[in-house]
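In: Got a sequence here, can you model it:
(chains A and B)
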Amino acid sequence: MLFNKKSHNNEDIELMIPDIQRNTNASHPFKGILIAVEGTDGSGKSTQLGLLKKWLESEGYGTVLTVWNSSELLSGTIRKGKKKGILNNTTFSLLHATDFADRLNNVIIPALKEGLVVLADRYIYTALARDVARNCDKEWVRNLYSFSIKPDGVFYFKVPVDVSLERISQTRIPNYYEAGMDMKLSNDTFKSYILFQSKVIEEYEKMVDEFGFDTLDGTLPIPVQQKKFRQIVSKIIKRKNA
Amino acid sequence: MIKHTYPGKLIVVEGLDGSGKTTNINLLKNWLEIKGYAVLASKRKQSKLIAETIVKAKAEKTLVPITYSLIHAADFSDLLNRTIVPALKAGFVVFFNKYIYTSIAKDVLRGQDREWVLKLYEFALEPDLVFYFKAPLEHALERMSQEEREKDYYDSGMDIGFGPNNIQALKNFQTKLLEQYEIMADEYGFTVVDASKPIVQQQSKMRQVIEALL
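Out: Here you go, the predicted model:
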């Protein structure tokens, strides 16, 4: 959000209001690089991003990691709302958008201005997939996030829904919203997870071409995925610095 | 906006602070309760979940225009879903002091694209009635200054540079807010209440309109 002086046709006041980018298809103007990973829970995207971060730093790049739903402003409120299961789809969507907007302003854009590599563990596509799977109107959600900036690369870690469930159930039971229990698809958490996350995957699949995701097969061995991930990121960095 | 089909009625009151909205809502509430209607008086920033976060963020001045806009929309959504809709379903007359029209006006003044904000609030219920308390700026400002509560950084638009100090900013911001209300009063066909008239006359007009609705 670039701050431009704008006037409200009143000579007395010069306002400092943000020049909000409404074209999410345009490249961002900052010297840093924004890389986002997307995929269902248990797709391995966080592991891959962690390894990428180590590698980038060893190559001499300054990095900043920013995780979905982690803003100082709102993550506590969201956690509370989720725990109680009281958020409807619109509130759920708006809270996550607020969280994202806060991080965009306070973390992502400042880091990009400094020329850092920003690694986003989930980006707006998470919302575009999940909120729509949760029956929010697609155009409404897209309008909601139209203040965001376009990443230099989006990596979609693709795994079948049963692999996703199997991986996360090794450490925990899916929570209420992850399983889409608010959708009343099934009273059984695991069945609900499969049904809901299948819809999320379907939405991700629709976006692959539209937004030009690089798809990585999340069922391949970790080093194999990482190698491909690094290759593509290297190209993105080269292109940007060219 | 969504047209509701609940048995209750949603009556919105808009206008500058200090235009007499709260006083009139209280009088209407009593009047309707005596007639046997169940009434809920509601306003923004009352959602249990999010209001506290807003108060804290405003005190710490951590909101920028986009987060200001979105967090208020989230607060409204939570209030709508967990308080307003259940009350309308139960057949209450719900008064809402400053509905989405105020949010839209403030967001537009904070630089948000009007179409963007209108789309953002598409999930809101269309009110059965909107009263607009039309008060001259001086009148509202005078009443505001009499109030003990001081307008904060955001309510006076200082966050976006509406003035070097609270008083100057408040005046500028409220002037612009008034313009936005006037535009919407035409656009949405608000029922205008002349806030410079005696309260008894305001009440009499509002009661007539409400009786026709009920």
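In: Can you name every helix or strand that the longest helix along chain A contacts?
Out: Criterion DSSP state H: the longest helix present in chain A is helix A:189-211. Applying 3 or more CB pairs under 8 Å, 6 or more residues apart in numbering or on different chains; DSSP states H and E, one finds that helix A:189-211 makes contact with helix A:124-133, strand A:153-158, helix A:161-169. For the C-beta atoms, the positions are set from N, CA and C on the backbone; glycine is no exception.
In: Show me what the shortest one is packed up against.
Out: Applying 3+ CB pairs under 8 Å, 6+ apart, one finds that strand A:153-158 makes contact with strand A:33-39, helix A:45-58, helix A:189-211, strand A:214-217, helix A:222-241.
In: ok, and which of the ones you listed has the densest surroundings?
Out: Sort those by mean neighbour count, taking mean count of other CB atoms under 10 Å in any protein chain shown, and strand A:33-39 sits at the top with a mean of 26.
In: and that strand, which strands flank it?
Out: Strand A:33-39 has the following strand partners under DSSP bridges: strand A:117-121 (parallel), strand A:153-158 (parallel).
In: Counting neighbours, what do you get for the closest residue to A:I35 other than its chain neighbours?
Out: Distance criterion CB to CB, 6 or more residues apart in numbering or on different chains; nearest residue to A:I35, sequence neighbours excluded, is A:G153 at 4.9 Å. Using other CB atoms under 10 Å in any protein chain shown, A:G153 has 20 other residues around it.
In: Verify the stated contact: B:R143 with B:G18.
Out: Yes. Look at B:R143 against B:G18 with CB atoms under 8 Å: they come within range, at 3.3 Å.
In: neighbour-wise, which of those two wins?
Out: B:G18 (21 against 16).
In: Need the three-state assignment for that one.
Out: coil (DSSP: H, G, I helix; E, B strand; the rest coil).
In: how much space between it and chain A?
Out: 21 Å (CB to the nearest CB, to the nearest Å).
In: cool, and B:Y101?
Out: Taking CB to the nearest CB, one finds B:Y101 at 18 Å from chain A.
In: and that residue, that one's in a helix?
Out: Yes. Counting by three-state DSSP, B:Y101 falls inside a helix.
In: Could you give the number of residues near B:I210?
Out: 21.
In: sec struct for it, please.
Out: Looking at B:I210 with three-state DSSP, the answer is helix.
In: What pLDDT does the model give the residue of chain B found nearest chain A?
Out: Nearest residue of chain B to chain A, counting by CB to the nearest CB: B:G111, 3.2 Å away. On the pLDDT scale, B:G111 is placed at 92.
In: Over to A:S7?
Out: 43.
In: in the chain, which ranges drop under the pLDDT threshold?
Out: As the question left the chain open, I've gone with chain A. A:1-25 (pLDDT under 70).
In: wrong chain, I was asking about chain B
Out: Looking at chain B by pLDDT under 70, you get B:145-151.
In: Near chain A, which residues of it? Just list them.
Out: B:49-50, B:53, B:57, B:62-67, B:70-71, B:73-74, B:77-78, B:81-82, B:109-113, B:116, B:119-120, B:122-123, B:160-163, B:172, B:175-176 (CB under 8 Å from any CB of the partner chain).
In: of those, buried ones?
Out: For those, a neighbour count by 16 or more other CB atoms under 10 Å in any protein chain shown gives the buried set as B:49-50, B:53, B:57, B:62-67, B:70-71, B:73-74, B:77-78, B:81-82, B:109-113, B:116, B:119-120, B:123, B:160-163, B:172, B:175-176.
In: Mind checking which of those land in helices?
Out: B:53, B:57, B:65-67, B:70-71, B:73-74, B:77-78, B:109, B:116, B:119-120, B:172, B:175-176.
In: which residues touch the longest helix of chain A?
Out: Helix A:189-211 is contacted from outside by A:38-41, A:125, A:128-130, A:132-133, A:154, A:156, A:158, A:161-162, A:164-165, A:169, A:173-174, A:178-181, A:183, A:185-186, A:213, A:215, using CB atoms under 8 Å, 6 or more residues apart in numbering or on different chains.
In: at 7 Å instead, please
Out: A:38, A:40, A:125, A:128-130, A:132-133, A:154, A:156, A:161, A:164-165, A:173-174, A:178-181, A:183, A:185-186, A:213, A:215 (CB atoms under 7 Å, 6 or more residues apart in numbering or on different chains).
In: thinking again about what came up before, out of the strands paired with strand A:33-39, which gets nearest to B:A41?
Out: strand A:117-121 (42.8 Å; CB to CB).
In: any residues touching that closest one, and which ones?
Out: By CB under 7 Å, 6+ apart, the list of residues contacting strand A:117-121 reads A:32-37, A:45-46, A:49, A:52-53, A:56, A:61-68, A:108, A:111-112, A:151.
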